[in-house]
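Enquirer: fold the following, please.
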Amino acid sequence: MNYEDCVAYIDSIPRFAKKTKLSNTIRLFEILHIDRGQSGIIHVAGTNGKGSVCTYIAGVLEEAGYRTALFLSPHLVRIEERIQINGQLIKENEFCMVFEKVKRASEQMVQEGYFHPAYFEFLFGMAMVYFVQEQVDFIVLETGLGGRLDATNIFLRPLLTVITPISYDHMEILGETLEEIALEKAGIIKENVPVVYWGSDQAVSDKIEETARKHHAFIYKITEKDYKILKIHDKSIDFCMNCGYYGNSNFSLPFLAAYQAANGAVALAAIESLTKVQPIAADIIQRAFTKVNWHGRMEEVLSGVFVDGAHNQAGITAFMEAVRGMPQKRKRVLLFSVVKEKELEPMVQILCEKEEFSAVILTEIEGSRKRDLQEIRKAFLRETKAELVCIADMKEAFLKGMEWKGKDGLLFCAGSLYLVGQIKTIVEKMEDFIYD
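Expert: Numbers count the residues shown, from 1 in each chain. Predicted structure coming up:
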């Protein structure tokens, strides 16, 4: 099968496979001869910021000279974004080779009476085949959903577990309270394996610590008190740590959003926990942070055009904090869409609370998860007096946003990672676009 055939097969999996139990993933890995006692695993869960934290940790380890693998979810434009080594996406021919191995293993599983691996499970298997084949030093794994029952949660003794900020998301699966969601995320904690976690919410913190104590896991808690934002520049944010080995060292991240300093602080705590014997020098981390390229988080894709994958209450709150940190005198336009299973009303209330946007454009994402446009419109009409328009076609919606933004305004695209991915694809196809 060529690359296009491989991607088409993977994209078709949701139509014939379902979410499976961990026993299914374990059997897949047995057939693939992947050791569940694998060394060098750094396992990251959380609601918001886990992709950023994974990227920061991997970037630092790479800068320190380690061959470092990174498994992320979801992808924005190309499926290969999920499988990386030292910042390089898996090549198409390598993608096809590991695909064939996992496909054969999947067929054997079905013959044995197991379920065909689900979409995420299949890609995770491909990633691990590739990482083992390439003999990497570290593997940084981002969970897909939750933690306890996530396909990535099959390794017996990772080096470290990390839990980023937890908020309301996927309640139909993870639980209706923050405490219930926290327990699902804390399911990645293993016996005698240290856990670094964001602990600003006491109820969440209590559940994580309760689980950690049961597993005799060393606890490293990070809150707002452990770091300080020094300055937000036009293209970056400076912060320092107030504790630990890296206390009083200054770091800079190439992002505008204040929440990235919190993610950076969690990543620093993780690096410190990994390197108790041979700490990584602060100057190596400083270089690594400045090189980070994390797509879809207050990312400027064109001049004055920002995309942010915020898709829940906490994410939208952080997004709006970043918006308010932008130049006050510039016109602000919002392009928004959301998938059908997300809690729409709370996000809209946060977006419209202080009438930051002079105009709002509502659009639809592609695929079966798109939300009814009129439902989104009704939610906004209840909360804002801003000029409001619905344009189902995303390219047309984006061009309308560019028109309303004008030469000196700002266009923000938010509400879904699927929206971000589709906007980035539109921008890539408009390389000859020149704003008059």
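Enquirer: rest of the way, CA atoms for contacts and neighbours
Expert: Noted.
Enquirer: now do the SS call for the residue positioned nearest the centre of the chain.
Expert: Closest to where the C-alpha atoms of the chain average out (CA atoms, centre = their mean) is G51, at 3.3 Å. Three-state call for G51 (DSSP: H, G, I helix; E, B strand; the rest coil): helix.
Enquirer: correct me if wrong: it contacts E142.
Expert: Yes - using CA atoms under 8 Å, G51 is in contact with E142, at 6.6 Å.
Enquirer: now the common contact residues for the two.
Expert: 72-73 (CA atoms under 8 Å, 6 or more residues apart in numbering).
Enquirer: so, low pLDDT: which residues of the stretch 301-436 of the chain?
Expert: 327-328, 431-436 (pLDDT under 70).
Enquirer: tell me where it has strands.
Expert: All strands of the stretch 301-436 of the chain, identified by DSSP state E, counting those that start in this stretch, fall at 305-308, 332-336, 359-362, 387-390, 410-414.
Enquirer: Serialize the ones you listed to JSON lines and add fields for distance to G147 and mean neighbour count.
Expert: JSON lines is the format used below for the strands of the stretch 301-436 of the chain (distance: least, CA to CA, whole Å; neighbours: other CA atoms under 10 Å):
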{"stretch": "strand 305-308", "distance to G147": "24", "mean neighbour count": "22"}
{"stretch": "strand 332-336", "distance to G147": "29", "mean neighbour count": "24"}
{"stretch": "strand 359-362", "distance to G147": "33", "mean neighbour count": "24"}
{"stretch": "strand 387-390", "distance to G147": "37", "mean neighbour count": "15"}
{"stretch": "strand 410-414", "distance to G147": "25", "mean neighbour count": "25"}
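Enquirer: of those strands, which approaches F218 most closely?
Expert: Closest to F218 of these is strand 305-308 (CA to CA; 33.9 Å).
Enquirer: so in that sheet, which strands flank the closest one, and in what orientation?
Expert: Next to strand 305-308 in the sheet, as set by DSSP bridges, lie strand 299-302 (antiparallel), strand 410-414 (parallel).
Enquirer: just put the strands of the stretch 301-436 of the chain in a markdown table and tack on distance to F115.
Expert: Below are the strands of the stretch 301-436 of the chain laid out as a markdown table (distance: least, CA to CA, whole Å):
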| stretch | distance to F115 |
| --- | --- |
| strand 305-308 | 36 |
| strand 332-336 | 37 |
| strand 359-362 | 39 |
| strand 387-390 | 42 |
| strand 410-414 | 36 |
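Enquirer: neighbouring contacts of the one helix or strand F120 maps to?
Expert: For F120, the host element (DSSP states H and E) is helix 119-133. Here helix 119-133 makes contact (CA under 8 Å, 6+ apart) with 10-11, 13-14, 17, 25, 28-29, 32, 34, 69, 71, 82-83, 85, 94-95, 98-99, 101-102, 139, 144, 151-152.
Enquirer: for V196, grab phi and psi.
Expert: Note on V196: backbone dihedrals following degrees, to the nearest 10 are phi -100, psi 130.
Enquirer: quick one, what contacts it?
Expert: 160-163, 219-222, 266, 269-270, 273.
Enquirer: how much space between it and G59?
Expert: In this view, V196 and G59 are 18 Å apart by CA to CA, to the nearest Å.
Enquirer: repeat that for V348.
Expert: In this view, V348 and G59 are 34 Å apart by CA to CA.
Enquirer: tell me which of these two has more neighbours.
Expert: Legend: neighbour count by other CA atoms under 10 Å for V348 and G59, higher for G59 (26 against 21).
Enquirer: now the more buried one, nearest residue through space, not along the chain?
Expert: Using CA to CA, 6 or more residues apart in numbering and skipping the chain neighbours, the partner closest in space to G59 is A288 (5.6 Å).
Enquirer: helix, strand or coil for that neighbour?
Expert: Reduced to three states by three-state DSSP, A288 is helix.
Enquirer: tally of neighbours for it?
Expert: Neighbour count of A288, defined by other CA under 10 Å: 22.
Enquirer: list the contacts for it?
Expert: Contacts for A288 (CA under 8 Å, 6+ apart) come out as 56, 59-60, 63.
Enquirer: thanks a lot, see you next time.
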